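Visitor: Only the shape, not the letters, is given here:
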């Protein structure tokens, strides 16, 4: 067994960065909503779904095991 000072592998960190990008994209979608206070489809439906999928992807990235 090789001694790795980092708790995750390189692939885990790459997947985590993708997850963070998905979350940021979801918040960007929510901010792009043109209706008052963001109460349109993008602010109330699409953006939160994208953010939630980003957090689920983060859980996958954390629990991903390399072979």
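Guide: Yep, it's here. Just so we're clear, the structure is a prediction, and the values are computed from it rather than from any experiment.
Visitor: quick one: least confident helix or strand in the protein?
Guide: helix 41 (a mean of 94; mean pLDDT, DSSP states H and E).
Visitor: ok, and what's touching stretch 8-19?
Guide: 6, 54, 55, 57, 58, 60, 61, 62, 64, 66 (CB atoms under 8 Å, 6 or more residues apart in numbering). C-beta here means a position set from N, CA and C on the backbone, and glycine is covered the same way.
Visitor: Pull out the buried residues from the strand or helix carrying the fourth one.
Guide: Here residue 57, judged by DSSP states H and E, is contained in helix 47-63. By neighbour count on 16 or more other CB atoms under 10 Å, the buried set for helix 47-63 is 47, 50, 51, 54, 57, 58, 61.
Visitor: neighbours around the spatially closest residue to residue 50 that is not a sequence neighbour, how many?
Guide: Of all residues not flanking residue 50 in the chain, residue 26 sits nearest, at 3.4 Å (CB to CB, 6 or more residues apart in numbering). Counted with other CB atoms under 10 Å, residues neighbouring residue 26 total 20.
Visitor: List the contacts of residue 26.
Guide: 47, 48, 49, 50, 51, 52, 53, 54.
Visitor: Can you tell me the SS state at the closest residue to residue 43 other than its chain neighbours?
Guide: Among residues not flanking residue 43 along the chain, residue 33 sits closest, at 3.5 Å (CB to CB, 6+ apart). Per DSSP: H, G, I helix; E, B strand; the rest coil, the local secondary structure of residue 33 is coil.
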